[in-house]
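Enquirer: could you work out the structure for the sequence below:
(chains A and B)
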2 protein chains.
Amino acid sequence: MQSYIYPAREQWDNLLARPMMQLQELESRVQPILDEVREQGDKALRRFTARFDQVEIDAIQASEAEFREAERLVSEELKNAIRLAKDNITAFHQKQWEDFQPLETMAGVRCWRKSVPISRVGLYIPGGTAPLFSSILMLGIPALIAGCETIVLCTPPSKEGKVNPAMLFTAELLGIKQVCKVGGAQAVAAMAYGTESVPKVYKIFGPGNQYVTLAKQLVSRDSAAIDMPAGPSEVAVVADDTADPYFVAADLLSQAEHGIDSQVLLVSQSEAFVQSVETALEEQVKTLPREEIARKALANSKSIVLKNEDEVVSLINQYAPEHLILAVENDEALGERILNAGSVFLGHYTPESVGDYASGTNHTLPTNGYARAYSGVSLDSFLKKITFQKLSPSGLQALGPAVELMAEAEELAAHKLAVSVRLAKLKEA
Amino acid sequence: MQSYIYPAREQWDNLLARPMMQLQELESRVQPILDEVREQGDKALRRFTARFDQVEIDAIQASEAEFREAERLVSEELKNAIRLAKDNITAFHQKQWEDFQPLETMAGVRCWRKSVPISRVGLYIPGGTAPLFSSILMLGIPALIAGCETIVLCTPPSKEGKVNPAMLFTAELLGIKQVCKVGGAQAVAAMAYGTESVPKVYKIFGPGNQYVTLAKQLVSRDSAAIDMPAGPSEVAVVADDTADPYFVAADLLSQAEHGIDSQVLLVSQSEAFVQSVETALEEQVKTLPREEIARKALANSKSIVLKNEDEVVSLINQYAPEHLILAVENDEALGERILNAGSVFLGHYTPESVGDYASGTNHTLPTNGYARAYSGVSLDSFLKKITFQKLSPSGLQALGPAVELMAEAEELAAHKLAVSVRLAKLKEA
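Expert: Predicted coordinates:
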C-alpha cells in the first residue's frame, strides 16, 4: 500500500481521486452492438455470443433440464447457506415497504402515494471467473418482494454454453425461470429492446464491466431505466488500536481480490497500527488463489494516517466509499457522523463479506463517489411511487382561488380555466 | 383532436407512440458547451449567456438588492397563494420521512438504514415566457425538508438580465439565496462541475428543453446525478358520462397550452361524450392567450373511444401518462387499477392544475412513458439511504459459516478469510 502520514487537506482531492473511466471512447464499439441487437434480435445475440464468449448457443434461455442438472450438482450445504442468506435478505427488504396513509393537506384536499412494482425488470449478472449467485439474491429478492411480474436474468455462458449450477439453483429458488445465456452489451440491448428469446424490460439492474456499464447508460437515454452507474468496487476501513490487524488485512484483501482496479483505503490515527496491517497483509496475500490480482490492487491502494477523528470523518465523507468498515471502539457513534457511503459495517465482528452475502443488506451499492447522491439497491429500486389526489367540491373552493392566482402569474390561462369552470359550476349549484 | 373509435389492440402501439427525441444529434452542439464551462468557468457562462440569452451579465448570482426589489413587486395576494402552496407541499413531503428501526435479521445480526441528505443539490428552472416559480416550490421544498446544505438555483435571465420577481420571492421564501442567472446546457455544466460563481453540486433537478435534458444526461455519465430524463409534458383524461365536458376540455387545454409538443389524450367509452368535449374545446381555446400553441398541440392530440373499462385500464397502463385525470364516477376504484402513471387526479373536482401548484403532491413527474419505471420527485429524491449492519461475536458465529461456504463457492478466498480469522479468534477466546 502507498502510505500517507498526516497529508495536508489540499492533497486530499488527489489522494482520493478514482481512476477516470474513459467510457466515451468505447461508445463507437458499444453503440453498434446495441443497434444490431435492436434490429436483428436473437440472430445478433448468437453472433455476438460466438464472438465474445467463444461459444455457439442454440437455445438462449436455460432449459428445464439445465435447472434439474444444476439442482443435482449443488451441494446440500451450499443450498442451505443460500437459503439462509435468502431469509435474511428477504427480512431486511420486506421491512422497506412503505405504509402511506392519505393525508389531508387541507380540508377537502386528500393526497397519498402508492407503491407499485415495475412490471418488467432485467437482472444482469456478470460471468467471468467467479459465479456471482449472490448478486442474484441481491437483485432477485427485492424484485420478488416488489411483485415485479416479469423478471429476466441475463448472464454470459461459459465456453461450454452453460450457466453455473449455483446460479441456476439460486434463480430457481427465487422463482426466476427466464435465465438467458447472453452477456455483455448485447445482453443489455436484448433486455432494453426485447428479442424473440429475451423479453423487453423497463429497468435493468446489475454490475458489469465497462462495456455493460456504458451499454446501460446508452439505453437509459431513450429506453429502459437503470439502477445506477457503476465503477470498480471499493472499501474504506477506519481502524483504531482496538482493531485486530489480521481482521483488517483480510477485509482489505477481500476487496483487493475482486480485480486489479479495486479501490482499497485504510484510514487510521495510528501509524503503528497501519504498520501491523502491512505485516498481516503480506502474510495473508500469499495464501490467496487470486494473489496476483490482490497484489496489483494493493499496489494502488492507500493507507492514510490522520490526526484526529474530525479529519477521519471529513476524509471519509469526501471520499464517499461504496463499503465502509468502522473497526473502532466507538463504531456506532462514528457511524452517526457518516454522510456519504453505500453500506457501513460496524465494529470488529462485521466484515464486509457478511453484507456481501447474507446479513440482509443489499450489496449492489454506489461506487466511484456516487454514494454522495445515490443509494444502494433496495426494495424502492423495483417500485414506482404514484401520487394520488382527490379534492371534494369544498376542497376545491378552498384551494382553487390560490391556484387561479398562481396560474395567472405563470401566464397559464388554461390552468386557471380548469379551476374557474369548476368553481363557477359550484357557485351555480 | 384526432379521433379513434374502438381501435384494434394491434394499433395501440402506434396510437400511443410519443414523438422520438433525437437527442444524439444534439450531442455535437451540447458537449462543447459542457467542456468550455468545465474549463473556463464563469467566463464561459458569460459568453454563452450573451450568445443564447442576448444579455451581458456581470454578477451571475442575484444580489440582495434584486431580492428586495422582487419582494416589493409581488402582490400580497400572490404571496399568500404561494405560502398556501408551500404549506400543502411541505405537509405532503414531510410525511415521506421513513422511520427505519434496526432489524435483527437473525440473533446477533442487526441491520438498518438511515436517510441522509444529498449535501449539495442544484435546481434548474426554465425561463422562457412563463416564470415557473411553482417549480421552485416543487424542488426547493423537498430539498429543504431533506436538509440539503447547499441548494443552488439556476434560471436563464431575461433580456434585461433579471430574474422574474415571483421566482426570487419564492426562492427567498424557501431560504434559497444562491440564485444564478444562467440557463441552458451551460447552467447544467456549471452545477455539475462548479465555477467561480456557481457551486458544484452532486445532483441536478428540474425540467428544461432538449438542450438542458441532453446536458443533464451527459453530465450524469461521469459527474452529478440527475432527477430523471424528461420529455414533453402529458395528460391523459379518462372520462365517463358523469363528467362535465367543459371541465374535461379545460383540463386538456391546460396541458395543450404548455407547448406545441404537449401530449394530450382523451379516453372514454362514450362517443357522444367525446363529441361534446370537442365542442367545448372549440369554445374555450378561442379565449386563450396561448391559443395558437394550444391549437397546434390539439391537432396532434388523440381521443380514443374504447369498449369497456378493462380496455381503458390496459391502454392507460400501456401509455403510462405523466398526469392522469380520472373524471369518472368510480374514480377511486379505477385508480386502484392504475399501474403506470406519474400522478393521478381523481373525480370531477380535481383538475391537474391543483397538483401543478398547490394540492401538496409534486409536479416534477416522469414523462415519455418513463412512468413505467420512474417515480416523480419526492423527498426520497433528495436523500440517500445508507445501510448499516453490526454483528455481535455470537451473530458472526451463527452467520459466518454460511458466508464462508458462499464465498468459497464464488471463488473469493479473501472474503472467506475475513470471516475465518474472526471465527478462529473467537474459538481461541
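
Enquirer: SS state for the residue positioned nearest the centre of chain A?
Expert: Residue closest to the average C-alpha location in chain A (Cα atoms, centre = their mean): A:Thr364, at 2.9 Å. Assigned by DSSP: H, G, I helix; E, B strand; the rest coil, the conformation of A:Thr364 is coil.

Enquirer: excluding its backbone neighbours, what's nearest it?
Expert: In space, and not counting its chain neighbours, A:Thr364 is closest to A:Val377: 3.8 Å by Cβ to Cβ, 6 or more residues apart in numbering or on different chains. (Each C-beta comes from the backbone N, C-alpha and C, glycine too.)

Enquirer: mind listing what the one you found touches?
Expert: By Cβ atoms under 8 Å, 6 or more residues apart in numbering or on different chains, the contact list for A:Val377 reads A:138-139, A:142, A:205, A:227-228, A:362, A:364-365.

Enquirer: now these in JSON lines, with pLDDT?
Expert: Shown next, in JSON lines, are the contacts of A:Val377 (pLDDT from 0 to 100):
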{"residue": "A:Met138", "pLDDT": "98"}
{"residue": "A:Leu139", "pLDDT": "98"}
{"residue": "A:Pro142", "pLDDT": "98"}
{"residue": "A:Phe205", "pLDDT": "98"}
{"residue": "A:Asp227", "pLDDT": "95"}
{"residue": "A:Met228", "pLDDT": "92"}
{"residue": "A:Asn362", "pLDDT": "98"}
{"residue": "A:Thr364", "pLDDT": "97"}
{"residue": "A:Leu365", "pLDDT": "97"}
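
Enquirer: kindly indicate which of the residues you listed lies nearest B:Leu123.
Expert: Minimum distance to B:Leu123 across these is 21.6 Å, recorded for A:Met228 (Cβ to Cβ).

Enquirer: so A:Glu77 sits against B:Met406, correct?
Expert: No: contact criterion Cβ atoms under 8 Å: A:Glu77 and B:Met406 do not qualify, at 10.2 Å.

Enquirer: what sits up against stretch A:270-281?
Expert: Outside stretch A:270-281, the residues that touch it by Cβ under 8 Å, 6+ apart are A:1, A:3, A:5, A:239-241, A:243, A:245-246, A:248-250, A:252-253, A:266, A:268, A:298, A:303, A:305.

Enquirer: mind doing that once more with 7 Å?
Expert: A:1, A:3, A:5, A:239-241, A:243, A:245-246, A:248-249, A:252-253, A:266, A:268, A:298, A:303, A:305 (Cβ atoms under 7 Å, 6 or more residues apart in numbering or on different chains).

Enquirer: for that stretch, buried residues please.
Expert: Buried residues in stretch A:270-281, defined by neighbour count with 16 or more other Cβ atoms under 10 Å in any protein chain shown: A:273-274, A:276-278, A:280-281.

Enquirer: quickly check these for the two that are furthest apart.
Expert: A:Phe273 and A:Leu281 (12.6 Å).

Enquirer: which helices and strands does the helix or strand that contains A:Asn80 pack with?
Expert: Under the criterion of DSSP states H and E, A:Asn80 resides in helix A:76-94. Contact partners of helix A:76-94 among helices and strands, from 3 or more Cβ pairs under 7 Å, 6 or more residues apart in numbering or on different chains; DSSP states H and E: helix A:133-146, helix A:165-173, strand B:103-106, helix B:393-409.

Enquirer: and chain A, is the shortest one touching that?
Expert: Spelled out, that is strand B:103-106. Yes: if you take Cβ under 7 Å from any Cβ of the partner chain as the test, strand B:103-106 does meet chain A, through B:103, B:105-106.

Enquirer: circling back to that earlier point, just the buried residues of the contacts of stretch A:270-281.
Expert: Buried among these by 16+ other Cβ under 10 Å: A:1, A:239-240, A:243, A:245-246, A:248-249, A:252-253, A:266, A:268, A:298, A:303, A:305.

Enquirer: ok, of the residues you listed, which one's closest to chain B?
Expert: Nearest to chain B among the buried ones among the contacts of stretch A:270-281: A:Leu253, at 3.8 Å, using Cβ to the nearest Cβ.

Enquirer: once you drop chain neighbours, what's closest to the closest one?
Expert: Excluding the flanking residues, the one nearest A:Leu253 by Cβ to Cβ, 6+ apart is B:Ala414, at 3.8 Å.

Enquirer: am I right that A:Trp422 is in a helix?
Expert: Small correction: residue A:422 is Arg, not Trp. Yes: A:Arg422 forms part of a helix when assessed by three-state DSSP.

Enquirer: residue contacts, A:Gly376?
Expert: A:342-343, A:362, A:364-366, B:387.

Enquirer: hmm, 6 Å instead?
Expert: Residues in contact with A:Gly376 (Cβ atoms under 6 Å, 6 or more residues apart in numbering or on different chains) are A:342, A:362, A:364-365.

Enquirer: could I get these as a markdown table with distance to A:Ala294?
Expert: Listed next are the contacts of A:Gly376 as a markdown table, based on distance: Cβ to Cβ, whole Å:
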| residue | distance to A:Ala294 |
| --- | --- |
| A:Gly342 | 21 |
| A:Asn362 | 25 |
| A:Thr364 | 23 |
| A:Leu365 | 21 |
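
Enquirer: so which of the residues you listed is the most crowded?
Expert: When neighbours are counted by other Cβ atoms under 10 Å in any protein chain shown, A:Gly342 leads these with 30 neighbours.

Enquirer: that residue reaches A:Pro366, doesn't it?
Expert: Yes: with contact defined as Cβ atoms under 6 Å, A:Gly342 counts as touching A:Pro366 (5.2 Å).

Enquirer: picking up where we left off before, now, which of the residues of strand B:103-106 next to chain A sits nearest chain A?
Expert: Using Cβ to the nearest Cβ, B:Thr105 is the member of the residues of strand B:103-106 next to chain A that lies nearest chain A, at 3.7 Å.

Enquirer: how far away is the closest one from B:Lys385?
Expert: Distance of B:Thr105 to B:Lys385, given as Cβ to Cβ, to the nearest Å: 17 Å.

Enquirer: same thing with A:Gly369?
Expert: 17 Å.
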